[in-house]
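predicted model, plus sequence, below.
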Amino acid sequence: MAEAVIMPRQGQSVESCIFSEWFFKVGDKVSKGDMLFTYETDKAAFEQEALVDGVLLATFAKEGDEIPVLETIAVIGAEGESIDEFAPGGKATVQTASDPHDEVKEDKAPEIQQPIAEVSAGKDSAISPRAKNLAAKEHVSIEHLKGTGPEGRIIERDVEAAAKNRTKATPLAKSIAAHDHKELPATGTGFGGKIRAADVKQMPSVTLANDFTDKKISNIRKIIAQNMYESLANTAQLTLHTSADARKMLSIRNAMKSKMADGYAYNITINDMVSFATIRALIVNPEINIHFMGDSIRSFSNVHLGFAVDTPRGLMVPTVKNANHLTIEGLSATMKELAGACQKGSVNPESLQGATFTMTNLGGFGIEMFTPVLNPPQAGILGVNTITQQAAQLEGGAFGFIPKIGLSLTFDHRALDGAPAARFLQSVAHHIENLSI
Amino acid sequence: MNDLAIDFLLYGTLAEIFARENGFNKGLGGSMHAFFTPFGVYPNNAIVGGSGDIAVGGALYKKVNKKPGIVVANIGDASMGCGPVWEGMVFSSMDQFRLLWEGEFQGGLPIIFNFMNNQYGMGGQTRGETMGYDVLARVGAAFAPYQMHTERVDGYNPLAMIDACGRKKKILEEKKGPVLLDTLTYRFSGHSPSDASSYRTKEEIEAWQNVDSIIDYGQSLVKAGICSQSDLDEIKANTVGKVEKVLKLASSDDISPKMNLYANPRAIEEVMFTNGSVDSFDDREPEVNMPMEENPRVQQIAKKERFGLKDGKEVSKMKAYQLRDGLFEAIVDRFYKDATCIAYGEENRDWGGAFAVYRGLTEALPYHRLFNSSISEGAIVGTAVGYALCGGRVIPELMYCDFLGRAGDEVFNQMSKWQAMSAGYLKMPIVMRVSVGSKYGAQHSQDWSSLVAHIPGIKVIFPTTPYDAKGLLNAALQGTDPVMVFESQRLYDIGELFHTAGVPEGYYEIEIGDPDVKRAGKDITILTIGSTLYTAIEAAKTLEEKYGLSAEVIDARSIVPFNYEKVIESVKKTGRIVLASDACERGSVLKEMAQTISETAFDYLDAPPVVVGSRNWITPAYELEEFFFPQKQWILDAIHTKILPLEGHEPKHDFSSKEQLRRSKLGV
């Protein structure tokens, strides 16, 4: 059985030794007690005898190598025995003449960027910690204080003198000044010019006092607050974002504009087109056109599309019933009519109910992405964002910018999973990009 | 049972060598210092010859305290080149043991200096290279008329050793020690793992291996028909088996873990000092020559003024109870309480100490409790270490602080170490007195308290008033830790000027580590160590009268340990602090204190703490001392330049940062 020759450990602090010289070649017969090799530590040179009889089967060290102590540096055994298990790093390569291409890798420490020393402030600004604390406590400005300490350092007595020479202030005035991080005014309205609390409050820079009013909230605000809070508190809503190529919509919009110039009666907006595409997508992805009822899901065969309208009284969400039955002209006209009624406050309360899915559009404000809040028991609300120019590979293979409209879908994860929601959103994008009216 | 005992000793030793908590000293002694005092095995010293004088202290303990047995100092041949060994042998063979010590205490010390002469000291060959004694045994002739009963023995022959030791032991029992043995032997392995034996030939080692005493002696036993080879083989097998078994246990991290400093980060901190309070280390009645009240010094002190001020004026030196009286009262009290308590040094007996602290003690104490030593500062401290390790209280004295260098190893490596290196099992009740001189130039005027404070394991005090001297020395003498007492020669005759109730006649202790506010003030703090207290008081008076500043003066009194509370409290109040002492400024412990104050009271400081120390020079002649030691003017100048410009003050000395940096650049 072959035996390993190890680099001996010399002293507790020695981690590795420098190998010096073999007295035998690979293949030589060695006897126990023969001087086998020499090596060095930083303190001395040593000789090592062979500890077993046999043939020197392999060596893994050459002159100058730094070898960790206890590491195998050779194998002695019977001729022909395998040495695989002994080779360092599992490589069964017998040391041959050293490769001239062996490059010595220098372990270069990374250059450490020295922090640039800060230029010290002028002597004028030196202040002792004690003086600094006193100045803060007494609200003495140190900015123009002249130091009388060593090398012009501002010391305690300088602050004390400044505080003493300054106009007296009442404790309340000091306290208010400290709280508001204000300097005390030069003189006050109290006896002998003493600074009173009122003087501190009247200082021109004071803006905190009376800068607010309280007003009871309206009923509709209360309802909105309640609904929003409950929506967020009681559902598992999250939002997916994507964007759709808007070139088709924009070209339709341009075509519409010229048609309108020719007397066409409908002003088909981008929002109308997105709504139209969404309705189409809802028809093919009915799993989001639902009400989540807690222990059951109510699916709808038609789309009743709610849409958010900003009114002076607050947010209102009228519903276009059976929206999937409308042409784009019909849809556009109905939405405008409902929105107008909301604005005027004349909307029929029935029109504010029964939506199966809601649209909300902040694109007009340049919003690129947001997280719409669900209208339970609906399971989805689509936020429509502004159109931005985004880099894309064009049909010809070149890169350019194309207009894309942002879409933010909030859905209730209790009602459906991420994949179907994403599929629906993808479908919306598809319908936008391939809009036909 | 026998087996278990052997296992115990082997395991305790090997676990110690591997620095395991199960070791005899929790691994704090470590590989070079295994020892187990319950079996009489005292610390192995990793300093060559380090035990040469410590062992003499052990013999002194046995003699003074009438304990049975002898002391064997096993040291190497190369240690014959070391001062502590020579000093130890000189000390051990002083004539006074035979001629002056009285009654049952008369006679030589029971000690064998057994030089294990293996012929090498590290890589140096003693005979023929590094020493010139030719035969080590010849050295014995130098020390005593009877030549230390020196004998050279064949250390490879157990029977010869047994015979020699038996005869030497008898000599010691007859009180004719000390004895020197030159035991010839050899070491096969090197001095340490890094020893490649490059200084000797393989043939030489083999020649000695061929006469290996274990094999050789075994063969003689077989030849004489006392045992068979198989008996020997069995002994060997058993021994190897035992060592192997214990070695495995001792080196296993699971069975023998090292001290867990994560779990208890204070484990070593807790053994740095033993912090004991012991009236006496022996129950026997202390040997004294007379009742204390009959002592002439005691009677003289009784007539003195125990408070040094009368109607605002200082009492005359002759009438005042002086600082040396405070020291004396604490020491004489302990001599009458603790039978083990002894004191020695140069001029301690008859002369009464160079500065009259011990006047009256010669009358009070028999020779074995107070004696003059050879002028061997190393041995004075080294023997004290041995005496204390064996269980006695001892007051060694170095006449001048400057002689501390002569006892460097004893103070820095021995006295300070063995309590912690024994994991707190050993106590070191040494109260070591040194005087800080002045007037006598460069080698007799240095305050080296900072050097000692730097070494962990020694308590350091520097009392400056009679009241503090008595109270602090009482605390030191009641304790179980090594305490270095610095005494200023300028202050031995000073009366008590602060403690208005005077120095109490009875026993009291002042807590070591507690500084004292000697003068209350609110504008600036002056913290002093040593006699500079009085300079600071003068400076405080001038600050008050001339500059309207009220200075608070605090006397550190202790250096290690040091409780900062009073100082921090004062600095929070005043915002300014000057620190002053007679120690050379560079590396002064005052710098450490200044740094600690900066860190802990930074926000309260109106200026950086400023240290006023002696110049980084040699101490010049007395007539030039005012240029070297801190003066009142220096303190005022330092305050003016670095802390608080004083109106109308004209500094005479340059305390500017520029000058400070210039001096530092030159190293002066």
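Thanks, I have the structure now.

in the stretch 151-300 of chain B, what residue lies closest to chain A?
Residue nearest to chain A within the stretch 151-300 of chain B: residue B:193 (3.6 Å; CB to the nearest CB). Where you see a C-beta, it was placed from the backbone N, CA and C, and this is true even at glycine.

run a quick neighbour tally on that residue.
Using other CB atoms under 10 Å in any protein chain shown, the number of residues around residue B:193 comes to 16.

how about stretch A:70-90: buried residues?
Along stretch A:70-90, these residues count as buried under the neighbour rule (16 or more other CB atoms under 10 Å in any protein chain shown): A:72-77, A:81, A:83, A:86-87.

give the rounded mean pLDDT of it.
Mean per-residue pLDDT for stretch A:70-90: 83.

what's that stretch in contact with?
With contacts defined as CB atoms under 8 Å, 6 or more residues apart in numbering or on different chains, stretch A:70-90 is touched by A:1-9, A:19, A:22, A:30, A:36-37, A:50, A:52-61, A:67, A:92-94.

and the furthest pair within the buried residues of stretch A:70-90?
Taking CB to CB, the two most distant members of these are A:73 and A:81; they sit 17.1 Å apart.

strands - which of the contacts of stretch A:70-90 land there?
In this view, these that belong to strands under DSSP state E are A:3-6, A:19, A:22, A:30, A:36-37, A:54-59, A:67.

pick the one among the residues you listed closest to chain B.
For the ones in strands among the contacts of stretch A:70-90, the nearest to chain B is residue A:37 (13.5 Å; CB to the nearest CB).

any idea what that closest one is bridged to?
residue A:22, residue A:48 (DSSP bridges).

quick one: the residue lying closest to residue A:333 once chain neighbours are set aside and residue B:433, what's the gap?
Residue nearest to residue A:333 in three dimensions, not counting chain neighbours: residue A:266, with 6.5 Å by CB to CB, 6 or more residues apart in numbering or on different chains. Separation of residue A:266 from residue B:433 (CB to CB, to the nearest Å) stands at 113 Å.

residue A:196 now?
Taking CB to CB, one finds residue A:196 at 68 Å from residue B:433.

more neighbours, these two?
Legend: neighbour count by other CB under 10 Å for residue A:196 and residue B:433, higher for residue B:433 (25 against 17).

contacts only, for that one.
Shown in contact with residue B:433 (CB under 8 Å, 6+ apart): B:327, B:345, B:357, B:395-398, B:485, B:487.

hang on, the earlier thing: can you say which of the contacts of stretch A:70-90 are buried?
Looks like the contacts of stretch A:70-90 have A:2-7, A:19, A:22, A:30, A:36-37, A:50, A:54-61, A:67 buried, using 16+ other CB under 10 Å.

what about the nearest residue to residue B:62 once chain neighbours are set aside, neighbour count?
Excluding its sequence neighbours, the residue lying closest to residue B:62 (CB to CB, 6+ apart) is residue B:110, at 5.6 Å. Around residue B:110 there are 26 other residues, counting by other CB under 10 Å.

can you name the next helix or strand after the helix or strand containing residue B:544?
Assigned by DSSP states H and E, residue B:544 falls within helix B:532-547. Downstream of helix B:532-547, the first helix or strand assigned by DSSP H and E is strand B:551-555.

what's next to that next one, contact-wise?
B:464-465, B:468, B:515-529, B:533, B:536-537, B:539-540, B:543-544, B:566-567, B:570, B:573-574.
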